[in-house]
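# Sequence and predicted structure below; questions after.
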Amino acid sequence: MSLKRFLMWVFLYAAAFAVTPALAQLDPERMLKAVEIGDIPFVREMLDRGADPDTADPNGNTLLAAAAADGNLEMARFLIARKARINNRNAFGDSPLMVAAYHGRIEMVRLLIANGADVNPPGWTPLHYCAWQGHTDICTVLIELRARINVQAPNGATPLMMAVLQDKTNSVRLLLAHRASTDFKSPSGDTALSWAIRDNRLEIVALLKQAGARE
(Lines give C-alpha, C1' and ligand atoms only; values in the text may rest on other atoms or scores of the structure.)
Protein backbone atom coordinates (compact mmCIF):
# COMPACT_ATOMS: atom_id res chain seq x y z
CA MET A 1 0.00 0.00 0.00
CA SER A 2 1.37 3.40 -0.95
CA LEU A 3 1.84 6.06 1.70
CA LYS A 4 -0.81 8.20 0.00
CA ARG A 5 -3.39 5.42 0.07
CA PHE A 6 -2.48 4.57 3.66
CA LEU A 7 -2.97 8.17 4.80
CA MET A 8 -6.28 8.33 2.93
CA TRP A 9 -7.45 5.16 4.70
CA VAL A 10 -6.48 6.62 8.08
CA PHE A 11 -8.36 9.81 7.25
CA LEU A 12 -11.53 7.97 6.24
CA TYR A 13 -11.38 5.72 9.30
CA ALA A 14 -11.02 8.69 11.65
CA ALA A 15 -13.77 10.59 9.86
CA ALA A 16 -16.17 7.68 10.21
CA PHE A 17 -15.72 7.65 13.97
CA ALA A 18 -15.89 11.42 14.17
CA VAL A 19 -19.28 11.42 12.49
CA THR A 20 -20.88 9.09 15.00
CA PRO A 21 -21.14 11.54 17.91
CA ALA A 22 -22.50 14.20 15.58
CA LEU A 23 -25.17 11.82 14.33
CA ALA A 24 -25.96 10.80 17.85
CA GLN A 25 -26.49 14.31 19.12
CA LEU A 26 -29.72 14.88 17.26
CA ASP A 27 -32.10 17.61 18.26
CA PRO A 28 -33.40 16.56 21.70
CA GLU A 29 -36.88 17.46 20.53
CA ARG A 30 -36.67 14.73 17.90
CA MET A 31 -35.67 12.11 20.43
CA LEU A 32 -38.32 13.27 22.90
CA LYS A 33 -40.92 13.11 20.15
CA ALA A 34 -39.83 9.56 19.37
CA VAL A 35 -40.35 8.68 23.03
CA GLU A 36 -43.79 10.28 23.02
CA ILE A 37 -44.92 8.21 20.03
CA GLY A 38 -43.27 5.05 21.35
CA ASP A 39 -40.70 4.74 18.57
CA ILE A 40 -38.28 2.42 20.34
CA PRO A 41 -36.37 1.45 17.16
CA PHE A 42 -35.46 5.09 16.50
CA VAL A 43 -34.44 5.71 20.10
CA ARG A 44 -32.41 2.50 20.09
CA GLU A 45 -30.62 3.56 16.91
CA MET A 46 -29.71 6.93 18.39
CA LEU A 47 -28.48 5.41 21.63
CA ASP A 48 -26.45 2.85 19.68
CA ARG A 49 -24.81 5.76 17.88
CA GLY A 50 -23.82 7.28 21.20
CA ALA A 51 -26.71 9.52 22.18
CA ASP A 52 -27.14 10.14 25.90
CA PRO A 53 -29.98 8.09 27.47
CA ASP A 54 -30.53 11.15 29.67
CA THR A 55 -31.10 13.46 26.70
CA ALA A 56 -33.40 16.25 27.87
CA ASP A 57 -35.23 19.33 26.67
CA PRO A 58 -34.11 22.85 27.75
CA ASN A 59 -36.01 22.46 31.03
CA GLY A 60 -34.24 19.22 31.87
CA ASN A 61 -37.14 16.88 31.09
CA THR A 62 -35.46 13.62 30.14
CA LEU A 63 -36.52 10.84 27.83
CA LEU A 64 -37.50 8.76 30.87
CA ALA A 65 -39.58 11.62 32.27
CA ALA A 66 -41.40 11.87 28.94
CA ALA A 67 -42.12 8.14 29.01
CA ALA A 68 -43.30 8.49 32.63
CA ALA A 69 -45.70 11.30 31.75
CA ASP A 70 -47.24 9.22 28.96
CA GLY A 71 -47.32 6.01 30.97
CA ASN A 72 -45.33 4.23 28.28
CA LEU A 73 -44.06 1.24 30.24
CA GLU A 74 -42.31 -0.43 27.31
CA MET A 75 -40.33 2.71 26.52
CA ALA A 76 -39.51 3.24 30.19
CA ARG A 77 -38.24 -0.33 30.56
CA PHE A 78 -36.10 0.12 27.47
CA LEU A 79 -34.59 3.39 28.72
CA ILE A 80 -33.93 1.95 32.17
CA ALA A 81 -32.19 -1.02 30.54
CA ARG A 82 -30.05 1.50 28.66
CA LYS A 83 -29.01 3.09 31.97
CA ALA A 84 -31.22 6.16 32.01
CA ARG A 85 -30.90 7.72 35.45
CA ILE A 86 -34.01 7.07 37.52
CA ASN A 87 -33.73 10.07 39.81
CA ASN A 88 -32.76 12.81 37.35
CA ARG A 89 -34.68 15.99 38.17
CA ASN A 90 -35.65 18.74 35.77
CA ALA A 91 -35.21 22.49 36.24
CA PHE A 92 -38.28 22.52 38.49
CA GLY A 93 -37.07 19.66 40.67
CA ASP A 94 -39.36 17.01 39.20
CA SER A 95 -38.14 13.43 38.88
CA PRO A 96 -39.69 10.83 36.57
CA LEU A 97 -41.47 9.36 39.61
CA MET A 98 -42.94 12.74 40.49
CA VAL A 99 -44.09 13.17 36.90
CA ALA A 100 -45.73 9.74 36.94
CA ALA A 101 -47.42 10.48 40.27
CA TYR A 102 -48.76 13.79 38.97
CA HIS A 103 -50.22 12.19 35.85
CA GLY A 104 -51.73 9.24 37.68
CA ARG A 105 -49.58 6.55 36.05
CA ILE A 106 -49.71 3.94 38.79
CA GLU A 107 -48.00 1.12 36.87
CA MET A 108 -45.23 3.53 35.91
CA VAL A 109 -44.91 4.52 39.56
CA ARG A 110 -44.47 0.87 40.50
CA LEU A 111 -41.92 0.30 37.72
CA LEU A 112 -39.83 3.32 38.67
CA ILE A 113 -39.85 2.47 42.36
CA ALA A 114 -38.88 -1.13 41.58
CA ASN A 115 -35.85 0.27 39.77
CA GLY A 116 -34.70 2.57 42.54
CA ALA A 117 -36.76 5.75 42.26
CA ASP A 118 -36.57 7.86 45.41
CA VAL A 119 -39.91 7.98 47.23
CA ASN A 120 -38.68 10.71 49.59
CA PRO A 121 -36.55 13.17 47.63
CA PRO A 122 -35.70 16.53 49.17
CA GLY A 123 -38.15 19.36 48.50
CA TRP A 124 -41.34 18.50 46.64
CA THR A 125 -42.17 14.81 46.71
CA PRO A 126 -44.29 12.35 44.72
CA LEU A 127 -46.78 12.30 47.61
CA HIS A 128 -47.32 16.06 47.28
CA TYR A 129 -48.12 15.57 43.60
CA CYS A 130 -50.53 12.66 43.86
CA ALA A 131 -52.31 14.33 46.80
CA TRP A 132 -52.67 17.53 44.76
CA GLN A 133 -54.13 15.58 41.84
CA GLY A 134 -56.30 13.30 43.95
CA HIS A 135 -54.64 10.07 42.80
CA THR A 136 -55.35 8.15 45.99
CA ASP A 137 -54.26 4.83 44.49
CA ILE A 138 -50.79 6.23 43.94
CA CYS A 139 -50.77 7.95 47.32
CA THR A 140 -51.59 4.58 48.88
CA VAL A 141 -48.69 2.88 47.10
CA LEU A 142 -46.28 5.62 48.20
CA ILE A 143 -47.49 5.53 51.79
CA GLU A 144 -47.10 1.75 51.88
CA LEU A 145 -43.51 2.31 50.78
CA ARG A 146 -42.95 4.72 53.67
CA ALA A 147 -43.40 8.01 51.94
CA ARG A 148 -43.19 10.72 54.60
CA ILE A 149 -46.75 11.84 55.35
CA ASN A 150 -45.86 15.17 56.93
CA VAL A 151 -43.05 16.23 54.63
CA GLN A 152 -42.99 19.95 53.91
CA ALA A 153 -42.30 21.38 50.47
CA PRO A 154 -40.05 24.43 50.07
CA ASN A 155 -43.13 26.65 50.49
CA GLY A 156 -44.09 24.86 53.72
CA ALA A 157 -47.02 22.89 52.28
CA THR A 158 -47.60 19.28 53.30
CA PRO A 159 -49.39 16.71 51.11
CA LEU A 160 -52.49 17.24 53.28
CA MET A 161 -52.41 20.98 52.63
CA MET A 162 -52.03 20.36 48.90
CA ALA A 163 -55.07 18.08 48.90
CA VAL A 164 -57.11 20.69 50.78
CA LEU A 165 -56.17 23.42 48.33
CA GLN A 166 -57.36 21.29 45.42
CA ASP A 167 -60.52 20.08 47.18
CA LYS A 168 -59.41 16.46 46.89
CA THR A 169 -61.56 15.02 49.65
CA ASN A 170 -60.48 11.42 49.14
CA SER A 171 -56.83 12.41 49.38
CA VAL A 172 -57.57 14.32 52.58
CA ARG A 173 -59.39 11.33 54.03
CA LEU A 174 -56.54 8.96 53.11
CA LEU A 175 -53.83 11.18 54.55
CA LEU A 176 -55.73 11.76 57.77
CA ALA A 177 -56.24 8.00 58.10
CA HIS A 178 -52.45 7.72 58.06
CA ARG A 179 -52.10 10.39 60.75
CA ALA A 180 -51.26 13.40 58.67
CA SER A 181 -50.79 16.34 61.00
CA THR A 182 -53.22 19.25 60.81
CA ASP A 183 -50.82 21.55 62.68
CA PHE A 184 -48.47 22.67 59.92
CA LYS A 185 -48.65 26.26 58.74
CA SER A 186 -47.72 28.10 55.57
CA PRO A 187 -45.24 30.99 55.78
CA SER A 188 -48.26 33.30 56.08
CA GLY A 189 -49.61 31.32 59.03
CA ASP A 190 -52.36 29.44 57.22
CA THR A 191 -53.25 25.85 58.11
CA ALA A 192 -55.08 23.17 56.17
CA LEU A 193 -58.18 24.03 58.20
CA SER A 194 -58.00 27.76 57.59
CA TRP A 195 -57.68 27.12 53.85
CA ALA A 196 -60.65 24.73 53.92
CA ILE A 197 -62.76 27.29 55.77
CA ARG A 198 -61.69 30.10 53.45
CA ASP A 199 -62.65 28.06 50.38
CA ASN A 200 -65.87 26.74 51.92
CA ARG A 201 -64.78 23.09 51.70
CA LEU A 202 -67.41 21.96 54.18
CA GLU A 203 -66.77 18.21 54.00
CA ILE A 204 -63.03 18.73 54.34
CA VAL A 205 -63.56 21.13 57.25
CA ALA A 206 -65.53 18.40 59.01
CA LEU A 207 -62.85 15.80 58.33
CA LEU A 208 -60.08 18.07 59.62
CA LYS A 209 -61.97 18.97 62.78
CA GLN A 210 -62.74 15.31 63.40
CA ALA A 211 -58.98 14.69 63.16
CA GLY A 212 -58.34 17.32 65.81
CA ALA A 213 -57.76 20.49 63.81
CA ARG A 214 -58.67 23.67 65.64
CA GLU A 215 -59.39 27.16 64.35
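That came through, no problem. Every value quoted in this text rests on a predicted model; they were computed, and no experiment measured them.
# Where does L127 sit: helix, strand or coil?
helix (DSSP: H, G, I helix; E, B strand; the rest coil).
# residues contacting it?
101, 119, 139, 142-143, 147-149, 151, 159 (Cβ atoms under 8 Å, 6 or more residues apart in numbering). Placement of C-beta: from N, CA and C, glycine included.
# Out of those residues, who's the most crowded?
Neighbour tally across those (other Cβ atoms under 10 Å): the maximum, 33 neighbours, falls on A101.
# Hmm, I138 and it touching each other?
Yes - between A101 and I138 there is a contact at 5.3 Å, judged by Cβ atoms under 8 Å.
# coming back round to it: turn the contacts of L127 into JSON lines, columns for pLDDT.
Output for the contacts of L127, formatted as JSON lines (pLDDT from 0 to 100):
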{"residue": "A101", "pLDDT": "98"}
{"residue": "V119", "pLDDT": "98"}
{"residue": "C139", "pLDDT": "98"}
{"residue": "L142", "pLDDT": "98"}
{"residue": "I143", "pLDDT": "98"}
{"residue": "A147", "pLDDT": "98"}
{"residue": "R148", "pLDDT": "97"}
{"residue": "I149", "pLDDT": "98"}
{"residue": "V151", "pLDDT": "97"}
{"residue": "P159", "pLDDT": "98"}
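# quick check, nearest of the residues you listed to A211?
Nearest to A211 among the contacts of L127: I149, at 12.4 Å, using Cβ to Cβ.
# Skipping its backbone neighbours, what lies nearest the closest one in space?
A180 (5.0 Å; Cβ to Cβ, 6 or more residues apart in numbering).
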